[in-house]
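Novice: model this:
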Amino acid sequence: MVEFFAYDYTGEPFIFLGAAHIGALMIILFLNLFLLRYKNKPPEVRRKVCMAITIVLLLDESSWHLWNIYHGTWSIQEHLPLHACSLLIWLTGVMLLNKNYRIYEFAYFMGIGGAIQALFTPDIGIYGFPHFRFFQTFISHGLLLTAAVYMTTVVGFRPTWRSLLRVIAWLNVYLVVIFGVNQLIGSNYLFVASKPPGPTLLDVLPEWPWYILAIEAIGLVVFLLLYAPFAVRDWQARRRKAAAGSVRQIY
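Specialist: Predicted coordinates for the structure are as follows:
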């Protein structure tokens, strides 16, 4: 148990796409598939699922802060909820409980896009399975992804073109604000001051500041891919409507 919460962990380090990593990804996948069955459940049952996800998500994120406080490693330079996923975790709790559509827009594009990246290349350093940090990371990002998928597939929310534009606009405003915060307190939130330590997808990008532009471009592509299913559905609906109108004119 001591080793489970240890800061100077001496167990097996995290292995990219190792058995534990793949196992965690599969559990998250099966959870999302399992929750699809709640689409036809009564509203009160779906609300209970939202409540359960919220409680686990917030307890998990709080445990991360308590762990750092206990080990004396908590600092405003690293642990304020200013990273995209950290901020979204708290906002997602509000979204799930109040069915807030404006938060959903960010949870869908940024939550899914960011969580997938974090799940495939988690920034957890030496903390492999079965350390606390391993579980905490996959639970937080896994449920962030699950919350957005649940609100889309079960509750029935969906993004629009305006959602996409709003998220892009506000994300860039937030990036500028965080750049200023980083300069003020010497932090690296959103990784706009430098690349994070450890292997991440940013390692294949150019050096600062050019990788920020590359991230913007990659983010835009990811957002467009996430919106593509809805764009195709809307296009098909317009075609069917146009075809039905043509048939009525003939008769």
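Novice: Report pLDDT for residue 234.
Specialist: Note on residue 234: pLDDT of 89.
Novice: scratch that, residue 203 is what I was asking about
Specialist: 75.
Novice: Okay, it and residue 124: tell me how far apart.
Specialist: 16 Å (C-beta to C-beta, to the nearest Å). For the C-beta atoms, the positions are set from N, CA and C on the backbone; glycine is no exception.
Novice: out of these two, which sits in the more crowded spot?
Specialist: The neighbour comparison of residue 203 against residue 124 (other C-beta atoms under 10 Å) goes to residue 124, with 17 against 11.
Novice: Quick check, that one in contact with residue 135.
Specialist: No: between residue 124 and residue 135 there is no contact under C-beta atoms under 8 Å: 10.2 Å.
Novice: list residues touching both of the two?
Specialist: Common contacts of residue 124 and residue 135 (C-beta atoms under 8 Å, 6 or more residues apart in numbering): none found.
Novice: Kindly tell me how buried the closest residue to residue 24 other than its chain neighbours is, as a neighbour count.
Specialist: Spatial nearest neighbour of residue 24, chain neighbours left out: residue 138 (4.4 Å); criterion: C-beta to C-beta, 6 or more residues apart in numbering. Using other C-beta under 10 Å, residue 138 has 23 other residues around it.
Novice: please renumber so the chain begins at 799
Specialist: Shifting the count to begin at 799 puts that one at residue 936.
Novice: and the helix or strand where residue 936 lies, how far out from the chain's middle?
Specialist: Element membership for residue 936, per DSSP states H and E: helix 930-948. Centre-to-centre, helix 930-948 and its host chain are 8 Å apart (C-alpha atoms, centre = their mean, to the nearest Å).
Novice: Please name every helix or strand in contact with it.
Specialist: helix 817-833, helix 841-868, helix 882-896, helix 910-918 (3 or more C-beta pairs under 8 Å, 6 or more residues apart in numbering; DSSP states H and E).
Novice: could the ones you listed go into CSV alongside mean neighbour count?
Specialist: Shown next, in CSV, are these (neighbours: other C-beta atoms under 10 Å):
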stretch, mean neighbour count
helix 817-833, 14
helix 841-868, 15
helix 882-896, 20
helix 910-918, 20
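Novice: Can you add distance to residue 972 and mean pLDDT and give these back as TSV?
Specialist: Converted to TSV, the helices and strands packed on helix 930-948 look like this (distance: least, C-beta to C-beta, whole Å; pLDDT from 0 to 100):
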stretch	distance to residue 972	mean pLDDT
helix 817-833	26	96
helix 841-868	19	96
helix 882-896	8	93
helix 910-918	13	91
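Novice: which one of the ones you listed lies closest to residue 954?
Specialist: helix 841-868 (10.0 Å; C-beta to C-beta).
Novice: tell me how far that closest one is from the chain's mean position?
Specialist: The chain centre lies 15 Å from the centre of helix 841-868; the measure is C-alpha atoms, centre = their mean.
Novice: Which neighbouring elements make contact with that helix?
Specialist: helix 882-896, helix 930-948.
Novice: Following element in sequence after the first one, please.
Specialist: To tie it back to what came earlier, the one meant is helix 882-896. Next along from helix 882-896, by DSSP H and E: helix 899-904.
Novice: Please spell out which residues along that next one are buried.
Specialist: For helix 899-904, the neighbour count (16 or more other C-beta atoms under 10 Å) marks 901, 902, 903, 904 as buried.
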